[in-house]
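Engineer: just need the structure, nothing else, for what follows:
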Amino acid sequence: MDSQCAELLPLVCAVLSDPRQSLPDDTCLEKLLDWFTELTGRVSGLSLLQLHPCLTDFMSAVFKQKSSEPVILSFSLRLAGQLAASEEGFSFLEHRGVLDRAFGAQGVRGAAPWSEATVRSGWVRGLGGMLQHTPARHFFHNHGYTAVVLDLQTDMSLFVAAAANQLLAQILISTPSLPGHASPENGIGGVEDGTVEIVRHVGEALCSEDPLRSGQVLRLVGLTVGRCPQQVTEMLWQRMQAATERMMGNSQRSVQQPLLDALLAVARTALFSSADSSLVALMDGLLGTLSPKQAIPFASGIARLQDGPAALRRKATAVILQPLDCILAATDQQHPAGLVQEFVGERSVLEEQMSRKASCVSLLCLALSHTQQLSSLGLFPDPPATALLRCVLTVLKLSSGVAMPCGPAGASVLTSLIGSSRVQRSALDALGGPGPCPGGAEVPAEVLAVLLEYLRNPGVDSSVLKKAMQAVSRWLCFCSDSAAIWLFLNEDLIPVLKKRLCDVRWEVRDSALELLTQLAEQLREKPGFRTVLSGSGLPVLLLSSLSDPESYVRASAITALGQVALVSALAQELQVTPQELALL
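Structural biologist: Reported below is the predicted structural model:
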């Protein structure tokens, strides 16, 4: 700490501890805590306390008063936790009774300000900062603070409840890994008492009829498993396993999603390594019984488990693709081989939801979103890339109003898609970045043809146009070695871009400039691009965009000019030097 700060610190502490003073804005306290965090990263808490006794005096005064402003109390509790994060700082503050007055039953917890959520949050976060070493953990457990934190887990304030959950997870994760194994009978072999108390609470809460308690402990399990010792994970799983079937079968919908998240967290541990484990059987059964809205994200989580059984991952893939399969069925098209081999769950349930516009759009966007995410991670081995790509193109065509043959049952499904910007954005995202494309040159040509229709359509939403332009950029880069691409650029894309650069919507003008910038970055060294750009009239439009009334468009125009400045023949067309263009 420099001399100026050291000189000012006693004055700051005196102001903060004076109950007659009030802060107009508590953001300064957050900045002060950040400063102390930086300090304790370089200097031990004990050194700070010894060099600056005003800190101890300040905390003692605030905790004795019990009537300080709630924000000051919260700040002081968190500061005490920071300074006690080292064993030496902890011993110093404990010996002077500061920690008892801060966290004990006769201290802040027994005073009126405890009713304030900011004080309870500061109390929890202060303890979390302190629990970095064994003496602090003994202090915590010996004073019975575990029970208090467990009560705060269902606090009325979401911030307090979340902080309590984080602290409980911190305790479980820091549990020392000891010899012995958890047994179904007692589940406590070799684990310290505080952890046992928390695990028992988890079991009791999961058996209760209170959805708030059950949901919070499931979130705790999700935060903990995979990061805590294997012994603790096994104990938590034993209690979850017994309650899962009952919780999925009751009407507590608020609990079901936290339960699914907790199951996926457990599946990322060694408990999932065995193909015949009870966890695998449970997840397999849930894929067929969950509602489609719950099943798709759950299936996506399973598909990411690369060490899971192949059969389970194939089933999860089918669940994600089933809404797309319904679209293909509605169009009376022959299903691409490998899209969905076997339907999972009740087909009638999905078909009924797909017949209603709101649920149809929601499920289709959900399926497209998870398809795109898994494809980008390389975790989508089935179906073949071409089959899935053609299915996405079908969705794009339908949502833009392209007529396709359909039966009476499929008419309502297809009607739901027409003009849906939400579906269009999701489908364009699902086109992704192409990899090695099976199916020959006709597949990229079909993709570009569909995208071009979107760019030409005057009724397309500006956000959809932006995504369509981004997709064009990706696919053109992929196909840049094909001679047909330069014909597409010259005869199709450039005329559309020139029109979009004059669009009445500034967002569209901005997106067109971004597309031109990306093309220049990717294709500048290609002779075909220089030929297409020269004489196209785009450079003159770029210069005129510098005086666009919208500042975002002007900024994008400068960027675009900077990228195309060195393209052959551009400077001559503009009658300026490349160096002058580069300065724009």
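Engineer: thought Gln65 was touching Pro19?
Structural biologist: Yes: at 6.0 Å, Gln65 counts as touching Pro19 under the criterion of Cβ atoms under 8 Å. To be clear about C-beta, it is placed using only N, CA and C from the backbone, and glycine gets the same treatment.
Engineer: for these two, indicate the residue with more neighbours.
Structural biologist: A count of neighbours by other Cβ atoms under 10 Å puts Gln65 above the other of Gln65 and Pro19, at 15 against 12.
Engineer: give me the pLDDT value at the more buried one.
Structural biologist: For Gln65, the pLDDT comes out at 81.
Engineer: let me see the contact set for it.
Structural biologist: Gln65 sits next to 17, 19 when contact means Cβ atoms under 8 Å, 6 or more residues apart in numbering.
Engineer: can you check Leu516 too?
Structural biologist: Each residue near Leu516 by Cβ under 8 Å, 6+ apart is listed here: 497, 538, 542, 560, 563-564.
Engineer: let me see the ranges of the strands in this structure.
Structural biologist: Secondary structure of the chain (DSSP state E): no strands present.
Engineer: quick one on the thing from earlier: nearest to Trp114 among the contacts of Leu516?
Structural biologist: Distance to Trp114, by Cβ to Cβ, is smallest for Ala560 among the contacts of Leu516, at 59.6 Å.
Engineer: can you tell me how far that closest one sits from Leu516?
Structural biologist: Using Cβ to Cβ, to the nearest Å, Ala560 is found at 5 Å from Leu516.
Engineer: where do the contact lists of those two overlap?
Structural biologist: Taking Cβ under 8 Å, 6+ apart as the criterion, Ala560 and Leu516 both touch Leu542.
Engineer: leaving out sequence neighbours, find the closest residue to Cys207.
Structural biologist: Ala243 (6.0 Å; Cβ to Cβ, 6 or more residues apart in numbering).
Engineer: neighbours of the one you found, just the number please.
Structural biologist: Ala243, neighbours per other Cβ under 10 Å, totals 20.
Engineer: quick one, what contacts it?
Structural biologist: Taking Cβ under 8 Å, 6+ apart as the criterion, Ala243 is in contact with 203, 206-207, 214.
Engineer: lowest-confidence helix or strand of the chain?
Structural biologist: Lowest on mean pLDDT, DSSP states H and E among the helices and strands of the chain sits helix 578-582, with a mean of 52.
Engineer: for stretch 555-571, what is the average pLDDT?
Structural biologist: Throughout stretch 555-571, pLDDT has a mean value of 76.
Engineer: per-residue confidence averaged over stretch 149-165?
Structural biologist: Here the average pLDDT along stretch 149-165 is 93.
Engineer: and the contacts of it?
Structural biologist: The contact list for stretch 149-165 (Cβ under 8 Å, 6+ apart) reads 117, 120-121, 124-125, 127-128, 167-168, 197-198, 201, 210, 212-213, 216-217, 219-220, 223.
Engineer: list only buried entries from the residues you listed.
Structural biologist: Taking 16 or more other Cβ atoms under 10 Å as the criterion, what is buried in the contacts of stretch 149-165 is 117, 120-121, 124-125, 127-128, 167-168, 197-198, 201, 212-213, 216-217, 219-220, 223.
Engineer: among those, which ones are in helices?
Structural biologist: The helices, defined by DSSP state H, take in 117, 120-121, 124-125, 127-128, 167-168, 197-198, 201, 212-213, 216-217, 219-220, 223 from the buried ones among the contacts of stretch 149-165.
Engineer: apart from its chain neighbours, what residue comes closest to Leu33?
Structural biologist: Closest to Leu33 by Cβ to Cβ, 6+ apart is Arg78, at 6.0 Å.
Engineer: can you pull up the most central residue in this structure?
Structural biologist: Nearest to the geometric centre of the chain sits Gln373, at 11.9 Å (Cα atoms, centre = their mean).
Engineer: show me what contacts Val553?
Structural biologist: The contact partners of Val553, taken as Cβ under 8 Å, 6+ apart, are 506, 509-510, 513, 545.
Engineer: so Leu328 touches Leu339, yeah?
Structural biologist: Yes: counting by Cβ under 8 Å, Leu328 does reach Leu339; the two are 7.1 Å apart.
Engineer: please identify every residue contacting each of those two.
Structural biologist: Here Leu328 and Leu339 have Cys391 as joint contacts, going by Cβ under 8 Å, 6+ apart.
Engineer: can you tell me how far Leu455 is from Pro495?
Structural biologist: 10 Å.
Engineer: and the two? Which one has more around it.
Structural biologist: A count of neighbours by other Cβ under 10 Å puts Leu455 above the other of Leu455 and Pro495, at 21 against 13.
Engineer: for that one, which residues are in contact?
Structural biologist: 465, 468-469, 472, 493, 496, 500.
Engineer: repeat that for 6 Å
Structural biologist: 468, 496 (Cβ atoms under 6 Å, 6 or more residues apart in numbering).
Engineer: okay, Gly288: pLDDT?
Structural biologist: 88.
Engineer: quick one: contacts for it?
Structural biologist: Contact partners of Gly288, counting by Cβ under 6 Å, 6+ apart, are 344-345.
Engineer: so how far is Val319 from it?
Structural biologist: 8 Å.
Engineer: what sits in contact with each of those two?
Structural biologist: Residues touching both Gly288 and Val319 (Cβ under 6 Å, 6+ apart): Val344.
Engineer: surely Cys13 touches Phe58?
Structural biologist: Yes: at 3.8 Å, Cys13 counts as touching Phe58 under the criterion of Cβ atoms under 6 Å.
Engineer: find residues that contact each of the two.
Structural biologist: With Cβ under 6 Å, 6+ apart, Cys13 and Phe58 have no common neighbours.
Engineer: ok, Leu33 - how many residues close by?
Structural biologist: Leu33 has 17 neighbouring residues, counting by other Cβ under 10 Å.
Engineer: what does the pLDDT read for it?
Structural biologist: 90.
Engineer: next: Arg313.
Structural biologist: Per the predicted model, pLDDT is 87 at Arg313.
Engineer: mind checking how far it is from Thr269?
Structural biologist: Applying Cβ to Cβ to Arg313 and Thr269 gives a distance of 17 Å.
Engineer: and the two? Which one has more around it.
Structural biologist: The residue with more neighbours, out of Arg313 and Thr269, is Arg313; 21 against 18, by other Cβ under 10 Å.
Engineer: now the contacts of Leu516 in a markdown table, with neighbour count and distance to Arg524?
Structural biologist: Shown next, in a markdown table, are these (neighbours: other Cβ atoms under 10 Å; distance: Cβ to Cβ, whole Å):
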| residue | neighbour count | distance to Arg524 |
| --- | --- | --- |
| Leu497 | 21 | 16 |
| Leu538 | 21 | 14 |
| Leu542 | 23 | 15 |
| Ala560 | 28 | 12 |
| Gln563 | 16 | 7 |
| Val564 | 22 | 7 |
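Engineer: make CSV out of the residues you listed and add distance to Ser399.
Structural biologist: Listed next are the contacts of Leu516 as CSV, based on distance: Cβ to Cβ, whole Å:
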residue, distance to Ser399
Leu497, 23
Leu538, 30
Leu542, 32
Ala560, 30
Gln563, 32
Val564, 33
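Engineer: out of those, list just those in helices.
Structural biologist: Counting by DSSP H, the part of the contacts of Leu516 found in helices is 497, 538, 542, 560, 563-564.
Engineer: and stretch 40-59, end to end?
Structural biologist: End-to-end distance of stretch 40-59 (Cα to Cα, to the nearest Å): 17 Å.
Engineer: now Ala147: closest residue in space that isn't a chain neighbour?
Structural biologist: Distance criterion Cβ to Cβ, 6+ apart; nearest residue to Ala147, sequence neighbours excluded, is Glu197 at 7.4 Å.
Engineer: and for Lys466, the neighbour number?
Structural biologist: Neighbour count of Lys466, defined by other Cβ under 10 Å: 19.
Engineer: what residues are up against it?
Structural biologist: Taking Cβ under 6 Å, 6+ apart as the test, what Lys466 contacts is Ser511.
Engineer: from Leu541, how far off is it?
Structural biologist: With Cβ to Cβ as the criterion, Lys466 and Leu541 are 19 Å apart.
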